[in-house]
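Enquirer: Give the three-dimensional model of this entry:
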Amino acid sequence: MTGLWSPWSFRTAETPDGILRVAGYSPADVLFTSVWNPVGGFRCDYSARIWQDIHDYGAMTDPWTGLYLPARATWKVEKNCYFDRASMTWAGRIDVPPDAIFYNHTAHAWQTVGPGRKACVRVVVNYRFGNWHHGIPMDISDVLATIGFYWEWAYKDPGEGRDHYYHRFYSPWIEKQYRAKLELLKGIRILNDTALEFYGDYLFPPDDDVTAAFYICLLHLVPATVPWEVRTVMEYCVVNGGPLTGRSYDWSGDLVYCKDGWINMIDPEHVPDFLAAAEHIDEDELEYWFKPRYVILAGTPYADYTPPDEGCHERWRSLINWINTYHHICVSNGPYWLESWDPEEQCLVLKAFRDPTYPFTPDYWLDLLPKECLVNPMPSVKQPGAQIMRPSWWASSTAIVLALLFFTGLFYMFSRWRGSRTS
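Expert: Residues are numbered from 1 along each chain as shown. Below you'll find the model as predicted:
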């Protein structure tokens, strides 16, 4: 787990004074060459590196074995299918319950799937919820809102021309990234406050954990990485423009050629629009936005899981208070939270998230992971008392062997080249 790029480094870091100081070099003369937004951002190494410690994962890979470890979710997989040689695809034998739901992007609502659907796998996922960084508890609505959002934006529906309001709820970039994967999801059932049952056609026959990971970390979306009100306030600005500045925004940097900006949770020029939008939505209880359609389950057997009005007000007011205090909307659920970002000084400050609802103690991963993965702290000769990371003898020996193989290959290729020149 040495190096800065592993998601384990910051999660297991220990220093004498409890402060981890990290300096990075960027040839672009800016720390981030990509914006911070969980839909179409985090495309540069620097932003993605920090984001992976601000949010948590449903499952993570063991740094020693590469196998999946439960993080914010546990799972159970049932599969029953056969390979259809005619269509060259897996065909399911599992009946999808008619009360399972899917997000109908044409009706713009959650609906039941009805009878007659089959699936290859059934995956029961139990989530380990806790509080978001702004103090609001995570719940099933955050997970469903995330899935519903992408189901909406990945489809350009017939009859919704450029002048149609819902035409604005479509992104060719989101379609390219997610549509084919969403079509493998056949239905979802809510089992209780912390559990969902997924039915789908994605499976990895050799390993059930890999199959489960598709649904646990569905498209890297589930469990949600931001509360639904954070994504909704960005969605409002993408669809309607900035209410204060009049800017036009888009989710993806691939599409901003006709817009004013690539929407960014931490850009000081975007934050005033987020604040104005959040205040407008909360005060006027704006239709489509105050309680987005992705969290409304009316007309399904799970209507009771629709957030109440008071709960929505609490979410919006917590977000407004967060913006006024920290001047960004980067709210997530991971081991660190973003206290400040100074684009002029290129300095970002993270603080450990010590909320009592957070499921992992500072020693949790250190106790769970194999000891062979952990680095050996050693006092620095130049700075007595400081801690540096030193790989184990196994990692050092592996590096030497790989280097010898590399140079042996180069010598062999050079010998072949000289032989061809002299023949």
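Enquirer: Poorly predicted segments of the stretch 301-423 of the chain, please.
Expert: 375-423 (pLDDT under 70).
Enquirer: quick one: the strands in the stretch 301-423 of the chain?
Expert: Here the stretch 301-423 of the chain has its strands, by DSSP state E, counting those that start in this stretch, at 336-342, 347-352, 378-379, 387-388.
Enquirer: Does Asn126 touch Asp193 like I think?
Expert: No - judged on Cβ atoms under 8 Å, Asn126 makes no contact with Asp193 at a distance of 10.4 Å. For the C-beta atoms, the positions are set from N, CA and C on the backbone; glycine is no exception.
Enquirer: Look at the two and report which has more neighbours.
Expert: Using other Cβ atoms under 10 Å, the more surrounded residue of Asn126 and Asp193 is Asn126, with 17 against 10.
Enquirer: what residue ranges in the protein are flagged as low confidence?
Expert: Along the chain, segments meeting pLDDT under 70 span 1-3, 27-29, 160-166, 218-223, 254-259, 375-423.
Enquirer: and it, what are its domains?
Expert: 9-373, 378-422 (automatic domain parsing).
Enquirer: hmm, back to that, of all the strands of the stretch 301-423 of the chain, which one comes closest to Glu78?
Expert: Proximity to Glu78, assessed across these by Cβ to Cβ, is greatest for strand 336-342 (36.1 Å).
Enquirer: can you list contacts of the closest one?
Expert: Identification of contacts with strand 336-342 by Cβ atoms under 8 Å, 6 or more residues apart in numbering yields 10, 53-54, 133, 266, 326-328, 330-331, 347-353.
Enquirer: ok, which stretches of the stretch 151-300 of the chain are helices?
Expert: With DSSP state H, counting those that start in this stretch, the ranges of helices along the stretch 151-300 of the chain come out as 172-182, 208-216, 228-240, 271-284.
Enquirer: by how many degrees do the first one and helix 208-216 diverge?
Expert: When you say that, I think you mean helix 172-182. In terms of direction (axes from the mean of the first three to the mean of the last three Cα atoms, to 10 degrees), helix 172-182 departs from helix 208-216 by 140 degrees.
Enquirer: Alpha carbons of helix 172-182, as CSV, please.
Expert: Only the C-alpha atoms of helix 172-182 are listed here, as CSV (Å, rounded to 0.1, in the frame of the first residue of the first chain):
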residue,chain,number,x,y,z
PRO,A,172,-24.8,12.0,-24.8
TRP,A,173,-21.8,11.6,-22.6
ILE,A,174,-23.8,9.9,-19.9
GLU,A,175,-25.5,7.7,-22.5
LYS,A,176,-22.2,6.6,-23.9
GLN,A,177,-20.8,5.8,-20.4
TYR,A,178,-23.8,4.2,-18.7
ARG,A,179,-26.7,3.2,-21.0
ALA,A,180,-25.5,-0.3,-22.0
LYS,A,181,-24.8,-1.1,-18.3
LEU,A,182,-28.1,0.1,-17.1
